[in-house]
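Peer 1: Quick one: sequence and predicted model below, then my questions.
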Amino acid sequence: MGTQMPPTKILLLAALSLAAFYTTLHSNHFKLSQSTVVSSRNVLVRPQCRHRIAFRLPNRKIFEPDAAIRSHGRLPVWSPRAIAPAEVETTKETAYCIPLEKLNNKDVEYVGGKSASLGEMISGLASADVPVPGGFSTTAYAYRKFLSQGGLDKEINELLDNPEIYEDVTKLMETGKYIREKILGTPFQPELEEALLAEWEKVSGGDENMAFAVRSSATAEDLPDASFAGQQETYLNVRGKGELFQKVHEVFASLFTDRAISYRHDRNFDHNKVALAATIQIMVRSETGSSGVMFSLDTETGFRDVVFVTSAWGLGETVVGGTVNPDEFYVFKPTLEQDKNAVVGRTLGSKKVKMVYAKEGGSEIVETDEAERGRWSISDEEVSDLAKMAVKIEQHYGFPVDVEWAKDGDTGKLYIVQARPETVASRKKAGVKEEFKLLERGTELSQGRAVGNKIGSGKVRILSDINEMANFQEGEVLVADMTDPDWEPIMKKAGAIVTNRGGRTCHAAIIARELGIPAVVGTADATEKLKNDDEVTVVCAEGDTGVVYAGDLKYERKVEDMENLPDIPVKIMLNLANPSRAFEYGQYPNSGIGLARLEFVINNVIGIHPRALLNFDKLPEDIRNRILERTAGYPDPVTFYVDKIAEGVATLAASVYPKRIIVRLSDFKSNEYKSLLGGPLFEPDEENPMIGFRGAGRYTDDSFKECFELELMAMKKVRDEMGLSNVELMIPFVRTLEMAKEVNEVLEQNGLKRGDNGLKVQMMAELPSNVFLADEFLDYFDGFSIGSNDLTQLTLGLDRDSGLVAKHFDERNPAVKKALAHIIKAAKERGKYVGICGQGPSDFPDFAQWLMDQGIDSLSLNPDSVIPTWLHLADEE
């Protein structure tokens, strides 16, 4: 007999032979097709050291060849641990888990919209500076195999085929609860457990402390024809494999929450054809930073040229769920592309709470401190960076998107954690104007952020818990502290929705838009101020602020077709002052904005006398405190004034860009300035303010010149820093040629010289002196914008604010017409612009016709007069 080889040496040689075989197999992995996934079964590769290989021996223990080598001839180290079955090649159709980086948009049927979208961004946008945290996803195949155990899928389908559950909320809740309990009581099949464990170890390196987010990803989710956002559950700060298994199980069960069942039924989705995957993604440490949601269009109007960004402290679920009123920003895409300061609008949210990691695991909501509430949760530079990512994602997908983002509080880095199609505002029918108008007023009960532009009414029904849903009747006004997806079965029945909490991207707002009903969110007091069974009217048709009025008030709804309007020989522009309506009205047919009144922003957005801001330290303490409250988030009161004017004008300018917008600088009268906070300390008492200290007369006066220069700082910022060079200036109430000269000098001293960077300065022609010296005034200005209101009252010698002589006020008076004809002729002879921005053309179509016949360049009309006047002029042609 030959010499017998020692047992340890035999084992060592066998192990090395098998290792060589595996190395060959591993190298061939790269030759597989992209749709193939290799899952380690008999062969386990440790993520920390991929050349270390373990083999299963007959006694189901683990033999590690490198351990045998370390033993130097002694018996190898044996240690029992979890094992996977034999290695096989699986396709995406039959895999149980797939890494996100191996997925793309074509894989929705395998892993649902969320996982597929994340994979698409990881693989397709990594080089475009759109960072997305990695992870992995379970599959629809794994889910269906799970439900097939013991005929669970058949039992569920039989329960959901019962039509009674869709008519009785109580039966729906009972059925949903039963199905969820059955799912949670059914263990995962071994193949799914093994696949989950293998992917978790690969991503985490076995670190039980690594935090993951576990989210649902339905196979029909996030497709352009349906929004499943928020229908299933999300779990944050999931740590360790044990908790991971539990949360994936709960995600599976969440396909059968009451709201998810109801949602699919209402949209005719076959329950049996919808499957669920779990998206497991590495968490961003936004609990010490901030997070939010952004849309690549305006959610209220569908305006495509802005990115709407929301932000709050901590984890993003507070923004998505509506438990916080976040900071809000609008970013203008065309100037963002030019690397300008493109943040055209900002609103500081209250941010009273934030979501953070809980010590015992998971997450919890805690109150923010006063400092956090009083400052922005993200900088303008970060807002711009996020907006650039949103634009890249939109361009990559080819449609508007709804994106969730997070900022790592430790590193300051921004990440995209979700992206899906925006499915409401982007699908609004273009070219159709739907307008609601309140015809009477009642007592104001509560106000908040308006969602949509409609009006609704009904009886109040206050609900504090979803268990009260059976009390809700069709057409009632749903009033709650906040809503979440569990409320959706009754939200579709509501005539309107009102909540204490939430911003324009909260759950209640999203569902209200989708259902096409008015909602007022973030009122803070609706559940206290409103009473059950009281009739109320919810008004969202008057700008950014939504109001709840007492009573069933009368209103009207008009629908007009704005497409295919005939050509007319005059330009139609808009009279527009309210920035919160700009993106809506900017989509009307127009040649720009002929009159943007600066005093609207000063009065409604700022509300403080500029002299009070310049003399802040000398003010009484109570006024200082009120100013500090209003100017929170800004470095000082003066910066607040300049920035708010700039934001208001920039929003208006963006709505019609690159068409012209003519901004009339402030034309408050002394009694109007006096109504502002701090105003009585600085304004004179005048017998007749209408013809007193106003317009250009203020601009060069020592008592107001410094205030005027703040307006000019804002205008320069809009044109130069923000890149909105379509802004032109208009000077009102220019009494004399000397005043015209002095105003131009002040403009030039403040960096706003006519002609520089294409700047045009118009004069508001509204005084008899402007008529008599029209040609001479044109030496100082680029054209005229006729203010027919003041011109009429000063030509006819009457006070337009006096009811005693109101019947004599008529822009069609022959004397007024003669003055108008002279102004138009003078401008035309000099080759300069002439338009009209007074009320007359909006009220009297025949007057508009006369002006067109005189050869006027443009008619600036109130938005509700655009279509009727346009069609009247076309008919006359």
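Peer 2: Good, I have the coordinates.
Peer 1: show me where the stretch 651-800 of the chain has strands.
Peer 2: Using DSSP state E, counting those that start in this stretch, the strands of the stretch 651-800 of the chain run over residues 661-664, 727-731, 761-765, 783-786.
Peer 1: how near is Thr323 to His507?
Peer 2: As judged by CB to CB, to the nearest Å, Thr323 and His507 stand 9 Å apart. Yep, even glycine has a C-beta here, placed from its N, CA and C like the rest.
Peer 1: coming back round to it: closest to Lys340 out of the strands of the stretch 651-800 of the chain?
Peer 2: Proximity to Lys340 (CB to CB) singles out strand 727-731 among the strands of the stretch 651-800 of the chain, at 13.1 Å.
Peer 1: Roughly how far does the closest residue to Leu276 other than its chain neighbours sit from Ala519?
Peer 2: Nearest residue to Leu276, sequence neighbours excluded (CB to CB, 6 or more residues apart in numbering): Leu255, at 4.5 Å. From Leu255 across to Ala519, the span is 27 Å (CB to CB).
Peer 1: Who has more neighbours out of those two?
Peer 2: Using other CB atoms under 10 Å as the criterion, Leu255 and Ala519 rank with Ala519 on top: 33 against 25.
Peer 1: Would you report the backbone torsion angles of Val130?
Peer 2: Dihedral angles phi and psi of Val130 (degrees, to the nearest 10) take the values phi -120, psi 80.
Peer 1: Pull up the overlap in contacts between Thr323 and His507.
Peer 2: Shared contacts of Thr323 and His507, defined by CB atoms under 8 Å, 6 or more residues apart in numbering, comprise Met482.
Peer 1: And these two? Which one has more around it.
Peer 2: More crowded of Thr323 and His507, by other CB under 10 Å: His507, with 24 against 21.
Peer 1: For the more buried one, give me its contacts.
Peer 2: Contacts of His507 (CB under 8 Å, 6+ apart): 230, 320-322, 482-485.
Peer 1: Identify the spatial nearest neighbour of Lys182, chain neighbours not counted.
Peer 2: Leu152 (6.3 Å).
Peer 1: repeat for Arg626
Peer 2: Leu677 (6.2 Å).
Peer 1: bridging residues for the one you found?
Peer 2: Ile608 (DSSP bridges).
Peer 1: pLDDT averaged over stretch 573-583 - what is it?
Peer 2: Averaged over stretch 573-583, pLDDT sits at 93.
Peer 1: Next, the distance between the ends of it.
Peer 2: 15 Å (CA to CA, to the nearest Å).
Peer 1: and if you look at stretch 295-313?
Peer 2: Using CA to CA, one end of stretch 295-313 lies 19 Å from the other.
Peer 1: need the helices for the stretch 551-700 of the chain, in chain order.
Peer 2: Counting by DSSP state H, counting those that start in this stretch, the stretch 551-700 of the chain has helices at residues 582-585, 598-600, 610-614, 621-630, 637-656, 670-674, 696-699.
Peer 1: How far away from the center of its chain is the last one?
Peer 2: The gap between where helix 696-699 is centred and where its chain is centred comes out at 40 Å by CA atoms, centre = their mean, to the nearest Å.
Peer 1: quick revisit: can you redo the strands of the stretch 651-800 of the chain as a markdown table with mean pLDDT?
Peer 2: Shown next, in a markdown table, are the strands of the stretch 651-800 of the chain (pLDDT from 0 to 100):
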| stretch | mean pLDDT |
| --- | --- |
| strand 661-664 | 98 |
| strand 727-731 | 98 |
| strand 761-765 | 98 |
| strand 783-786 | 97 |
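Peer 1: Indicate which one of these is closest to Gly592.
Peer 2: strand 661-664 (5.8 Å).
Peer 1: Determine the set of other helices and strands touching that closest one.
Peer 2: Other helices and strands packing on strand 661-664, by 3 or more CB pairs under 8 Å, 6 or more residues apart in numbering; DSSP states H and E, are strand 593-597, helix 637-656, strand 727-731.
Peer 1: what lines up beside the last one in the sheet?
Peer 2: In the sheet, strand 727-731 lines up against strand 661-664 (parallel), strand 761-765 (parallel) (DSSP bridges).
Peer 1: before we move on, the earlier item: ok, the residue nearest to Arg626 touching Arg624?
Peer 2: No: the criterion here is CB atoms under 8 Å, and Leu677 misses it with Arg624 at 10.5 Å.
Peer 1: which residue is nearest the middle of this structure?
Peer 2: The centre of the chain sits closest to Phe308, judged by CA atoms, centre = their mean, with a distance of 3.8 Å.
Peer 1: can you redo the helices of the stretch 551-700 of the chain as TSV with mean neighbour count?
Peer 2: Below are those laid out as TSV (neighbours: other CB atoms under 10 Å):
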stretch	mean neighbour count
helix 582-585	24
helix 598-600	19
helix 610-614	22
helix 621-630	13
helix 637-656	25
helix 670-674	19
helix 696-699	22
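Peer 1: Let's have those helices in a markdown table, adding distance to Gly503.
Peer 2: Shown next, in a markdown table, are those (distance: least, CB to CB, whole Å):
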| stretch | distance to Gly503 |
| --- | --- |
| helix 582-585 | 17 |
| helix 598-600 | 23 |
| helix 610-614 | 28 |
| helix 621-630 | 19 |
| helix 637-656 | 18 |
| helix 670-674 | 32 |
| helix 696-699 | 38 |
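Peer 1: Which stretch among the ones you listed approaches Lys273 most closely?
Peer 2: Here helix 582-585 is closest among the helices of the stretch 551-700 of the chain (CB to CB), at 38.1 Å.
Peer 1: The contacts of His507 in helices, which ones?
Peer 2: 320-321 (DSSP state H).
Peer 1: Tell me the one of the contacts of His507 nearest Gly840?
Peer 2: Using CB to CB, those come closest to Gly840 at Gly322, 45.6 Å.
Peer 1: Neighbours of the residue lying closest to Asn671 once chain neighbours are set aside, how many?
Peer 2: Distance criterion CB to CB, 6+ apart; nearest residue to Asn671, sequence neighbours excluded, is Pro689 at 4.7 Å. Neighbour count for Pro689, taken as other CB under 10 Å: 19.
Peer 1: before we move on, what about the one 5 residues further on?
Peer 2: By the other CB under 10 Å criterion, the neighbourhood of Arg694 contains 20 residues.
Peer 1: quick one: the closest residue to it other than its chain neighbours and Ile645, what's the gap?
Peer 2: Counting by CB to CB, 6+ apart, Lys669 is the residue found nearest to Arg694 once chain neighbours are left out, at 4.9 Å. According to CB to CB, Lys669 stands 19 Å off from Ile645.
Peer 1: swap in Leu336?
Peer 2: Taking CB to CB, one finds Leu336 at 21 Å from Ile645.
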